[in-house]
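>>> I'll drop the sequence and a predicted model, then ask my questions.
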Amino acid sequence: MSKPRYWLIVPAAGSGQRMKADCPKQYLQLNHRYILDVTLSRLLENADFAGCMVALRADDPWWSKTASSKDERVDTCIGGSERANSVLAALEALLDRADNDDWVLVHDAARPCLHPADLGRLIADLRGHPVGGLLATPVADTLKRKAGDSNAVETTVDRRHLWRALTPQMFRFSALRRALETAIASGYPITDEASALEHAGQIPCIVEGRPDNIKITVPADLALAGFILSRL
Ligand SMILES: Nc1ccn([C@@H]2O[C@H](COP(=O)(O)OP(=O)(O)OP(=O)(O)O)[C@@H](O)[C@H]2O)c(=O)n1
Ligand SMILES: C[C@](O)(CO)[C@H](O)COP(=O)(O)O
């Protein structure tokens, strides 16, 4: 039986509304490099992937300007209306190359600060796991639940067992594809790969990751990401 291979999927078909920039955030620059190029290089330089599939917007005029578009290891497909649809599209674009039990790592294009040690630990800790799992970091702040749309505090949430999901998230090719198809078809709200597997009755494994593996989401995150990268 051949050893399972590792495939990389990077969903990069978002519009970055919360960033309020003049282009999708994955094409903003950090130290004169596109964020998408930074993210892809930090993944491809630190693990041995059989291939990489990047999901892009259908109207993406920036990709051809990136260094990654010249990298023969990187293929592209058209993403979907939601992140989960983009990941499913990338899985389907790999159907003729990936085996059912191959591992797939899914990592947000908007997370350029992934530390190589976290990537290595995720792969090492989960390579023998029956389901797979994700990088996550413990909640460090006290969490409040607001009362509807008001600013009134409804309650303080017990954070003792709460973790923030990060990426990469790592699951078997066929199990992930099946779980995403089922969850999307059922209208179940999924915002990460693990929640699709949970919806399918699986129990993903958490691997603790660094809290500085931030997702660039709002304007203040850009300078923070630049500082983090300068220290990595
Ligand atoms: N239809 C979508 C939506 C998001 N993403 C990708 O999923 C990652 C995480 O999503 P998010 O941070 O929400 O990005 P956006 O959807 O672009 O941001 P916003 O919600 O502010 O518009 C990003 O790399 C984004 O490009 C995607 O591939 N396809
Ligand atoms: C996948 C993720 O980054 C894990 O925290 C997150 O769910 C993405 O959410 P978004 O709203 O698509 O940014």
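All right, it came through fine. The shown structure was predicted, so the numbers you read here are calculated from the model rather than taken from an experiment. Numbering: from 1, shown residues only. Ligands and ions are numbered 1, 2, ... in the order given.
>>> remind me, longest helix of this protein?
helix 173-186 (DSSP state H).
>>> helices or strands next to it in the packing?
If contacts are counted by 3 or more C-beta pairs under 8 Å, 6 or more residues apart in numbering; DSSP states H and E, helix 173-186 sits against helix 83-93, strand 103-106, helix 193-199. To be clear about C-beta, it is placed using only N, CA and C from the backbone, and glycine gets the same treatment.
>>> Can I get those in TSV including mean pLDDT and distance to ligand 2?
What follows is the helices and strands packed on helix 173-186, written out as TSV (pLDDT from 0 to 100; distance: least, C-beta to the nearest ligand atom, whole Å):
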stretch	mean pLDDT	distance to ligand 2
helix 83-93	98	4
strand 103-106	98	8
helix 193-199	98	7
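>>> How many residues are close by residue 102?
When counting by other C-beta atoms under 10 Å, one arrives at 19 neighbours for residue 102.
>>> Would you tell me which of the helices and strands packed on helix 173-186 gets closest to ligand 1?
helix 83-93 (3.5 Å; C-beta to the nearest ligand atom).
>>> Which positions within the closest one qualify as buried?
83, 84, 85, 86, 87, 88, 89, 90, 91, 93 (16 or more other C-beta atoms under 10 Å).
>>> want to throw the residues you listed into a markdown table with distance to ligand 1?
Shown next, in a markdown table, are the buried residues of helix 83-93 (distance: C-beta to the nearest ligand atom, whole Å):
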| residue | distance to ligand 1 |
| --- | --- |
| 83 | 4 |
| 84 | 8 |
| 85 | 6 |
| 86 | 3 |
| 87 | 7 |
| 88 | 10 |
| 89 | 9 |
| 90 | 9 |
| 91 | 13 |
| 93 | 13 |
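>>> For these, could you give me JSON lines that also reports distance to residue 135?
Shown next, in JSON lines, are the buried residues of helix 83-93 (distance: C-beta to C-beta, whole Å):
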{"residue": "83", "distance to residue 135": "16"}
{"residue": "84", "distance to residue 135": "18"}
{"residue": "85", "distance to residue 135": "22"}
{"residue": "86", "distance to residue 135": "19"}
{"residue": "87", "distance to residue 135": "16"}
{"residue": "88", "distance to residue 135": "21"}
{"residue": "89", "distance to residue 135": "23"}
{"residue": "90", "distance to residue 135": "19"}
{"residue": "91", "distance to residue 135": "20"}
{"residue": "93", "distance to residue 135": "24"}
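>>> To residue 17, which of the helices and strands packed on helix 173-186 lies closest?
helix 83-93 (12.9 Å; C-beta to C-beta).
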